[in-house]
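Asker: Structure of the sequence below:
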Amino acid sequence: MNIQLTNALAGLLGERFTTSEHKRQQHVRDESALRPMIPEAVCYPLGTEKVAVVVRLCWQHQTPSSLLEQAVLWRAKSLHHTAGCR
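Answerer: Below you'll find the predicted structure:
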């Protein structure tokens, strides 16, 4: 897990950022055809500006992200997930 990204997201979102096992397990599946994979963190940004900052931070740290309804997930690098938004 990238500690710099974790700190940046926690600073930006406060309680709307979590790495709790329970919340991460709730977001194991998405709409893609890729195999299920637990995210390393879950973000709940409010507003398009915060979503844009979260996605930009993930990109800057070369960390794949997924946009799902009101949550932004970031996942470990893997052959099954590519950087960017889905």
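Asker: Name the helix or strand of the protein that has the lowest mean pLDDT.
Answerer: strand 71-74 (a mean of 59; mean pLDDT, DSSP states H and E).
Asker: Could you look up the SS state of Pro45?
Answerer: The three-state assignment at Pro45 reads coil, by DSSP: H, G, I helix; E, B strand; the rest coil.
Asker: so what's it up against?
Answerer: Neighbouring residues of Pro45 by C-beta atoms under 8 Å, 6 or more residues apart in numbering: 12-13, 16, 51, 53-54, 72. Bear in mind the C-beta positions are built from the backbone N, C-alpha and C, glycine included.
Asker: Identify, from these, the entry nearest to Pro36.
Answerer: Val72 (17.6 Å; C-beta to C-beta).
Asker: tell me the pLDDT at Glu35?
Answerer: Careful, residue 35 is Arg and not Glu. According to the prediction, Arg35 has pLDDT 81.
Asker: start at 183 instead
Answerer: That works, and once the first residue is 183, the last one we named lands at Arg217.
Asker: residue boundaries of the strands in the protein?
Answerer: Per DSSP state E, the chain carries strands over the ranges 199-200, 223-225, 247-250, 253-256.
Asker: what about burial for the contacts of Pro227, which qualify?
Answerer: Among the contacts of Pro227, those that count as buried by neighbour count (16 or more other C-beta atoms under 10 Å) are 195, 198, 233, 235-236, 254.
Asker: Going by length in residues, pull out the top helix of this protein.
Answerer: helix 230-242 (DSSP state H).
Asker: Now that helix: buried residues?
Answerer: For helix 230-242, by 16+ other C-beta under 10 Å, it's 232-233, 235-237, 239-240.
Asker: elements contacting it?
Answerer: helix 185-195, strand 247-250, strand 253-256 (3 or more C-beta pairs under 8 Å, 6 or more residues apart in numbering; DSSP states H and E).
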